[in-house]
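Novice: have a look at this prediction, sequence included:
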Amino acid sequence: MSATAILRIVGAASTASGGHVEIIPVESWSEVLREALGAPGVRYACAADPATGQVVAAHGTAATGEPPPAADDLPDPSAAAPGGGAVPGGGGAVPGGVAAVLGWAGAEAAATDTGARFEDAVITTDRAYHLVRTLHRDNAALLAYLQVDRVRGNLALARRALLTLPSEPIAVPNAEPIAVPAQTAAPEAERIDPVAIPLPRRASTAAVEPPPPSPPVSTASEPPDRPGSRWSDDLRTMARILAGLRRLDRPSTTES
């Protein structure tokens, strides 16, 4: 958040008496009025000095072409706002309706014969609501003004936003740095030399000669039978063959 700086005199005004100047950052009136623009339908907000009519800060765009509120007790806008209602800092001229409302409110705030202090007022025109409030301060009062669209605006929320405006910009608290104690260096770890641990040695053993290879085992088997050797001993087979040959020869004998 941007901030301006104001000078506050602390102590005596004379430097010989030990007085000093303290710079305190505060919110600007422009930032305070910007928050009021968040209400529905608020299109213009400003803060003005009721004595001189000069606008201290302004935000938004006021409706153009709207005539000033027609009321017999409204003073002349040129008399209420010297210099044509120009906004300091190149903000442009204040519209006639806004200058008329500020002039009337300034006259009411300065009036002391009624015995009552002017607080706030709502002036209604055919296009907008004009809300004005006196911000009472220790040194001088200010007038806060809001212009609200009648079609899209909410009068209750706009008046609530106007009444919650602070009389003085809120000082921005200075965050004091937190003192962090210096961290002490960690003590160096003691270095322990490694102890050599002897490993157990293997006992020496005599070399064992491998056993001699065993001789191959003979697995000789009887030689296979020769072809036809078993036919000479098989008498039954021979008899069957002989009988078969005789049967084959028998038909030829009959034919002859």
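Specialist: Received, thanks. Numbers count the residues shown, from 1 in each chain.
Novice: so where do the helices sit in this protein?
Specialist: Taking DSSP state H, the helices of the chain run over residues 29-36, 77-80, 96-110, 155-163, 235-255.
Novice: state the mean pLDDT of the second one.
Specialist: Yep, that's helix 77-80 we're talking about. Averaged across helix 77-80, pLDDT comes to 39.
Novice: okay, now residue 133: neighbour count?
Specialist: Around residue 133 there are 21 other residues, counting by other Cβ atoms under 10 Å. C-betas here are computed from N, CA, C, even on glycine.
Novice: quick one on the thing from earlier: where among the helices of the chain is the average confidence lowest?
Specialist: Taking the mean pLDDT of these, helix 77-80 comes last: a mean of 39.
Novice: just name the most buried of the helices of the chain.
Specialist: Comparing the helices of the chain by mean neighbour count (mean count of other Cβ atoms under 10 Å), helix 96-110 comes out on top with a mean of 22.
Novice: are there helices or strands packed against that one, and which ones?
Specialist: Contacts defined by 3 or more Cβ pairs under 8 Å, 6 or more residues apart in numbering; DSSP states H and E place helix 96-110 against strand 42-48, helix 77-80, strand 120-124, strand 128-135, strand 142-149.
Novice: give me the angle between it and strand 128-135.
Specialist: 30 degrees (axes from the mean of the first three to the mean of the last three Cα atoms, to 10 degrees).
Novice: can you add distance to residue 137 and give the helices of the chain back as a markdown table?
Specialist: Output for the helices of the chain, formatted as a markdown table (distance: least, Cβ to Cβ, whole Å):
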| stretch | distance to residue 137 |
| --- | --- |
| helix 29-36 | 12 |
| helix 77-80 | 20 |
| helix 96-110 | 12 |
| helix 155-163 | 16 |
| helix 235-255 | 148 |
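Novice: with that, I have no additional questions.
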